[in-house]
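Novice: generate a structure from the sequence data that follows.
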Amino acid sequence: MEDMLAKTERINRLLDFYLPMFNQRQQEMLTLYYRDDFSLTEIADTFHISRQAVHDQLHRLVQHMEQTETTLQLYQKNLQQLEVLNQLSEKIQRLSGYLPPTVVGEITQIMQKLRQL
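Specialist: Got it, this is the predicted structure:
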């Protein structure tokens, strides 16, 4: 169960990066299943196709995202950037007693902007 949850979470993160590379129908199918928690049957009814066709399509789309991630590594690089930002945040907190509050505030704002990228 925990593995399935981790897999779904990873796919949702991959969708943050790779959803735009799919056509509208594929995007809708991925969104309904992974973000809106629709069942395969509900999606099949929505698209007027078989449940098996939905399953096969979702499987192919996820494989394509995984292959693209292997090549581009956008998600992996994002995780690494967030880790570096967390490390930087810890260092800033340790130094905050030695720095003027305005400098700490400016650094914090810059780090928040970086997290939003």
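
Novice: quick check: mean pLDDT of the helix or strand hosting D45?
Specialist: Secondary structure from DSSP states H and E places D45 in helix 40-47. Per-region confidence: helix 40-47 scores 98 on mean pLDDT.

Novice: with stretch 73-80 instead?
Specialist: Taken as a whole, stretch 73-80 has a mean pLDDT of 94.

Novice: tell me which other helices or strands the strand or helix carrying Q63 touches.
Specialist: According to DSSP H and E, Q63 maps onto helix 51-72. Packed against helix 51-72, as judged by 3 or more C-beta pairs under 8 Å, 6 or more residues apart in numbering; DSSP states H and E, are the following elements: helix 2-18, helix 24-30, helix 40-47. (Each C-beta comes from the backbone N, C-alpha and C, glycine too.)

Novice: chain center to the last one: distance?
Specialist: Taking C-alpha atoms, centre = their mean, to the nearest Å, one finds helix 40-47 lying 24 Å from the centre of the chain it belongs to.

Novice: buried ones in the helix holding D45?
Specialist: Within helix 40-47, the residues that qualify as buried by neighbour count (16 or more other C-beta atoms under 10 Å) are 40, 43-44.

Novice: tell me the one among those residues nearest to L114.
Specialist: Nearest to L114 among those, counting by C-beta to C-beta, is I43 at 36.7 Å.

Novice: so who does that closest one touch?
Specialist: Applying C-beta atoms under 8 Å, 6 or more residues apart in numbering, one finds that I43 lies in contact with 29, 32-33, 54.

Novice: of those residues, which pair is most distant in space?
Specialist: L32 and V54 (9.3 Å).

Novice: what's near enough to touch the one residue sitting closest to the centre of the chain?
Specialist: A centroid search over the chain (C-alpha atoms, centre = their mean) returns R13, at 1.7 Å, as the residue closest to the centre. By C-beta under 8 Å, 6+ apart, R13 lies in contact with Y75.
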